[in-house]
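Novice: okay, structure incoming, though there's no sequence with it:
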């Protein structure tokens, strides 16, 4: 049995997402397991550039086994075409936050933008170079995953 004082001390020492990052009102999407926010570090020295992060709040309390497996796998992946999981936060209320590198645009938003142009009867001009580049990046990422015996069902 865990001592109550130990639990309180651990909770007090635990770094809190809200103490480190500004993310309120910056919701950028919704994923399979929860909501995604664009987050910025709170305490950045004056004159320094503040890098953006993607902060994902897992819905519900606790961690499903599939989410746990995914996090375990994400921590081991290291490839330029795969978003990097930087950190995992567990709150005292048993909520889970995942901190990722931030990608300003993803494939879904690019497709959505060009679909909107088509629906407005404007010519859809997707440069061939862009299509080649996107396809190359996707295939490089998939190749890395497959080389490591990983299958992906949600490409973005």
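Specialist: Sure, I can see it. Just so you know, these numbers come straight off a predicted model, no measurement behind them.

Novice: now residue 136: how far from residue 41?
Specialist: The gap separating residue 136 from residue 41 is 32 Å, by Cβ to Cβ, to the nearest Å. (Glycine included, C-beta is placed from N, CA and C.)

Novice: same thing with residue 100?
Specialist: Distance, residue 100 to residue 41, using Cβ to Cβ: 14 Å.

Novice: who has more neighbours, these two?
Specialist: Neighbours around residue 100 and residue 41, counted as other Cβ atoms under 10 Å, are more numerous at residue 100. The numbers are 17 against 13.

Novice: hey, where'd the strands end up in the chain?
Specialist: Taking DSSP state E, the strands of the chain run over residues 21-22, 27-30, 34-41, 52-58, 85-90, 96-101.

Novice: which of those strands has the lowest mean pLDDT?
Specialist: Note on the strands of the chain: strand 27-30 shows the lowest mean pLDDT, a mean of 88.

Novice: mind listing residues that contact it?
Specialist: Outside strand 27-30, the residues that touch it by Cβ atoms under 8 Å, 6 or more residues apart in numbering are 35-38, 54.

Novice: try stretch 142-149
Specialist: The contact list for stretch 142-149 (Cβ under 8 Å, 6+ apart) reads 77, 79, 81-82, 151-152, 155.

Novice: who wins on neighbours among these?
Specialist: Scoring the contacts of stretch 142-149 on neighbours with other Cβ under 10 Å, the highest-scoring entry is residue 82 at 17 neighbours.
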